[in-house]
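Colleague: Build me a model:
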Amino acid sequence: MAAGNGEFDGAFRQQLDSLMQWRRDVRRFRTDTVPAPLLQECLDAFLLAPSVGLSEPWRVVQVNSGAARQAALSNYQAANERALDGYSGDKAQMYAGLKLSGMQEAPVQLAVFCDEETPKGSGLGAQSMPEMRRYSVVSAINLFWLSARARGIGVGWVSILDPEALCRDLDVPENWRLIAYLCVGYPETTSDTPELQKVGWEERRGHLPFETR
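Modeller: Model prediction:
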């Protein structure tokens, strides 16, 4: 619980640590509908996110139509085939067996963009590092992800895509850049262990690489 000065007690901190531990990249979804008010509660997390120069450069498109979803799915499938060509031997065999997208099941699909030319913020903090706008969008996505997980909703980030093709298919403004394609819905199962760790693709570090200068 938060005190009046915005400090939080030990019980809350433990719950927050647990929430972060149980936040997973979900690829296996139930097809149950996510109630619109509940989805909006999660999306409201974007309004709490920090952004460089208070520019709030995030732009969210809900992908609903069958044609738009099929274009996104075909985009993923083609990109996934190209990615498979980059592996060989056991790694290729393992990659071919991975489920890397929930696009065929997830009831909610969101394409999240960065408006690279937003006038909001007047360029503060982004003149020497314009990529800070994109980092701001990523920060907002993380808050959305945690908000969704706290409500029992799973999120999966699909990064195996041709971003330029998806921008064309969704007919977004030229100055928007794709940051994330998110699958959202109720997960089939929950776990505090990354799926890629379970199948032996990679191990999670047990320590933070940290140096001093």
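
Colleague: Might one say that Ala45 is in contact with Ser147?
Modeller: Yes - the pair Ala45 / Ser147 is scored as a contact, 4.0 Å apart, by C-beta atoms under 8 Å. (Each C-beta comes from the backbone N, C-alpha and C, glycine too.)

Colleague: Okay, Gly66 and Ala72: tell me how far apart.
Modeller: 11 Å (C-beta to C-beta, to the nearest Å).

Colleague: So for those two, which residue has more residues nearby?
Modeller: For the pair Gly66 and Ala72, the greater number of neighbours falls to Ala72 (22 against 7), based on other C-beta atoms under 10 Å.

Colleague: Contact partners for the more buried one?
Modeller: Val63, Met103, Gln109, Ala111, Leu161, Leu166, Asp169, Leu170, Tyr181 (C-beta atoms under 8 Å, 6 or more residues apart in numbering).

Colleague: go on, Arg23?
Modeller: Counting by C-beta under 8 Å, 6+ apart, the residues that Arg23 touches are Trp145, Leu146, Arg149.

Colleague: Take the residues you listed and write them to CSV, including neighbour count, secondary structure and pLDDT.
Modeller: Converted to CSV, these look like this (neighbours: other C-beta atoms under 10 Å; DSSP: H, G, I helix; E, B strand; the rest coil; pLDDT from 0 to 100):
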residue, neighbour count, secondary structure, pLDDT
Trp145, 25, helix, 98
Leu146, 18, helix, 98
Arg149, 20, helix, 98
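
Colleague: of all these, which comes closest to Phe29?
Modeller: Arg149 (13.6 Å; C-beta to C-beta).

Colleague: Would you state the strands of this protein in chain order?
Modeller: Using DSSP state E, the strands of the chain run over 58-62, 108-115, 154-158, 176-185.

Colleague: got TSV for those, with mean pLDDT too?
Modeller: Output for the strands of the chain, formatted as TSV (pLDDT from 0 to 100):
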stretch	mean pLDDT
strand 58-62	98
strand 108-115	98
strand 154-158	98
strand 176-185	98
